[in-house]
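K.L.:
Sequence first, then the predicted structure:
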Amino acid sequence: MSATTPQACNSCLGSGETPTDYGLVDCPDCGGSGVLPHRSVLVEWRARDIERALAKGAAVTPEHARWLLAELRSARNALTEIIALAHDTEDPDAIGQKIRFTANRALGLYDVVPASAVPSAGAADSTS
């Protein structure tokens, strides 16, 4: 992955300020920097905005619900792809297995059964 150049803010046109009835204030979209922060920062800002609104007793708007669902789907798709990629690893330290179990813990795609609960192959043969 390579570093990307910051994208100029469209709300303030890169100035970092937006006009209000009381004068210029820092742009709420870029925080006054004139460039948009990294996506992870934008996601955190939006999540905090929703939390603040809920703490004040405001209802979740359809726009916020759609955004949250899009973020959830994006994260689940990424974790599913990580599980698939980790299946292809062949490493002596079982890092791929640790990655799969960690991602599965968030996704809940597969039931995890403790090794002690799985009957061994020899025990299954002796019962028949």
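P.N.:
On my side now, so go ahead. Numbers count the residues shown, from 1 in each chain.

K.L.:
Show the end-to-end separation of stretch 19-35, please.
P.N.:
Using Cα to Cα, to the nearest Å, one end of stretch 19-35 lies 17 Å from the other.

K.L.:
Check the separation of the first and last residues in stretch 56-64.
P.N.:
One end of stretch 56-64 to the other measures 15 Å (Cα to Cα).

K.L.:
same deal with stretch 47-64?
P.N.:
9 Å.

K.L.:
which residues are in contact with it?
P.N.:
residue 68 (Cβ atoms under 8 Å, 6 or more residues apart in numbering). In short, each C-beta sits where N, CA and C put it, glycine included.

K.L.:
If you count residues, where's the longest helix of this structure?
P.N.:
Counting by DSSP state H, the longest helix found in the chain is helix 62-87.

K.L.:
Could you write out the alpha-carbon coordinates of the helix or strand just after that one in CSV?
P.N.:
Following helix 62-87 in sequence order, the next helix or strand is helix 95-107 (DSSP states H and E). Taking C-alpha atoms only, helix 95-107 is exported to CSV below (Å, rounded to 0.1, in the frame of the first residue of the first chain):
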residue,chain,number,x,y,z
ILE,A,95,-0.4,-17.6,12.3
GLY,A,96,-3.0,-18.2,9.6
GLN,A,97,-5.1,-20.2,12.1
LYS,A,98,-4.8,-17.5,14.7
ILE,A,99,-5.9,-14.9,12.1
ARG,A,100,-8.9,-17.1,11.1
PHE,A,101,-10.0,-17.6,14.7
THR,A,102,-9.7,-13.9,15.5
ALA,A,103,-11.7,-12.9,12.4
ASN,A,104,-14.3,-15.6,13.0
ARG,A,105,-14.7,-14.4,16.6
ALA,A,106,-15.9,-11.1,15.2
LEU,A,107,-18.0,-12.6,12.4
